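Undergrad: using only what follows, build the 3D model:
(one chain, ligands or ions: 2)
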Amino acid sequence: MSKCRIICVANQKGGTGKTTSSWNTGYALAKEGKAVLMVDNDPQANLSMVFGIDRPDRLEISMSDILRTIMQDEELPDMSSYIHKGNRPGMVLDIIPANQNLSVTEINLRDEMGGEHTLAGLLNPLREYYDFIIVDTNPYLGLLTINALAAADECIIPVSLQLWSATGLTDLLQTIVKVKKKINPNITIGGILLTICDERTKLFKDAKDLIEESYGGKIKIFDTHIPSTVKIGEANYSSLSVIEHDPKSRASIAYANFAKEVMNNGGK
Ligand SMILES: Nc1ncnc2c1ncn2[C@@H]1O[C@H](COP(=O)(O)OP(=O)(O)O)[C@@H](O)[C@H]1O
Ligand SMILES: [Mg+2]
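TA: Ligands and ions are numbered 1, 2, ... in the order given. Below is the predicted model:
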């Protein structure tokens, strides 16, 4: 198996397409034959729900239990108790789900020496089983996101042009620089993924130009952008990837292309 890449999908703004992009990119990578583990690191559990876990609150074991076990330096239960196998034939697309208990864990992480490395402690031993581990994060630059950045080889930043604000991105980039200096020297910025794009509008063109002007020289802006389409909402609602829901949709084609960009992008 090729070297596993842990990708953190982050932007502290809500609604920028983090969960949708984690899910559909993971699905597209798995469809390309890659072994993919999705990690829900958000107490809102949206990724767990689009994956098909209807009631994350009823999970016997979820992210919060596992992270707590690592914090307490206890032995982890069997992998099969917290990694949920996907049921797509011929695809390795698994998930470690979360629920709202994870917000309590975020508070506990603060009091823990070396608490930033808790998620890395969970994911590093799983590298041998997967080609990609994709970590969806919560819209807050707190210890859960820091844990995801600390565990990651690279960070992908979904930016919705509709919600574009330069100040938000600056905070995230500063946090990544700090994490790189103090916690995880290996992290790189995979790039900015433009999401929920309505190419027909002037806003799209203006915001895209502005992002390219501001960051184009410093950070990769992926060639693929994800168009805005109702197909995404429909697919999310049905716990399907948009590629399963409507393979011909422009968003499906975009996520398939994006997965190829991700495959070619890294492996530093
Ligand atoms: N390309 C898209 N076109 C239309 N709606 C989208 C698209 N991507 C995401 N959405 C919708 O936008 C909302 C926020 O997306 P989500 O992925 O949950 O963002 P985040 O995880 O950053 O909060 C959801 O309702 C989702 O269905
Ligand atoms: Mg989300």
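
Undergrad: from now on I want contacts and neighbour counts done on CA atoms only, so please keep to that.
TA: Will do.

Undergrad: quick one, phi psi at residue 33?
TA: phi 100, psi 10 (degrees, to the nearest 10).

Undergrad: now do the same for it: its pLDDT.
TA: Residue 33 carries a pLDDT value of 98.

Undergrad: and what of residue 166?
TA: What the model reports for residue 166 is a pLDDT of 65.

Undergrad: what does residue 203 give?
TA: 86.

Undergrad: where does the stretch 151-268 of the chain dip in pLDDT?
TA: 165-167, 266-268 (pLDDT under 70).

Undergrad: residues contacting the residue of it found nearest ligand 1?
TA: Among residues of the stretch 151-268 of the chain, the one nearest ligand 1 by CA to the nearest ligand atom turns out to be residue 228. It sits 3.3 Å away. The contact partners of residue 228, by CA atoms under 8 Å, 6 or more residues apart in numbering, come to 195, 196, 197, 198, 251.

Undergrad: also residue 6?
TA: 132, 133, 134, 135, 151, 152, 153, 154.

Undergrad: try it again with 10 Å
TA: Going by CA atoms under 10 Å, 6 or more residues apart in numbering, residue 6 touches 36-38, 120, 123-124, 127, 130-135, 148-149, 151-155, 187.

Undergrad: coming back round to it: and of the contacts of residue 228, the nearest to residue 220?
TA: residue 195 (14.8 Å; CA to CA).

Undergrad: hmm, back to that, now, of the contacts of residue 6, which are buried?
TA: Taking 16 or more other CA atoms under 10 Å as the criterion, what is buried in the contacts of residue 6 is 36-38, 120, 123, 127, 130-135, 148-149, 151-155, 187.

Undergrad: return the member of the contacts of residue 228 nearest to residue 42.
TA: residue 195 (19.5 Å).

Undergrad: mind giving me the packing neighbours of the host helix or strand of that closest one?
TA: Following DSSP states H and E, one finds residue 195 within strand 188-197. Under the contact criterion of 3 or more CA pairs under 10 Å, 6 or more residues apart in numbering; DSSP states H and E, strand 188-197 touches strand 5-9, helix 18-31, strand 154-160, helix 166-182, helix 202-215, strand 221-227, helix 250-265.

Undergrad: repeat the analysis, applying 6 Å as the threshold.
TA: Here strand 188-197 touches strand 154-160, strand 221-227, going by 3 or more CA pairs under 6 Å, 6 or more residues apart in numbering; DSSP states H and E.

Undergrad: thank you, goodbye.
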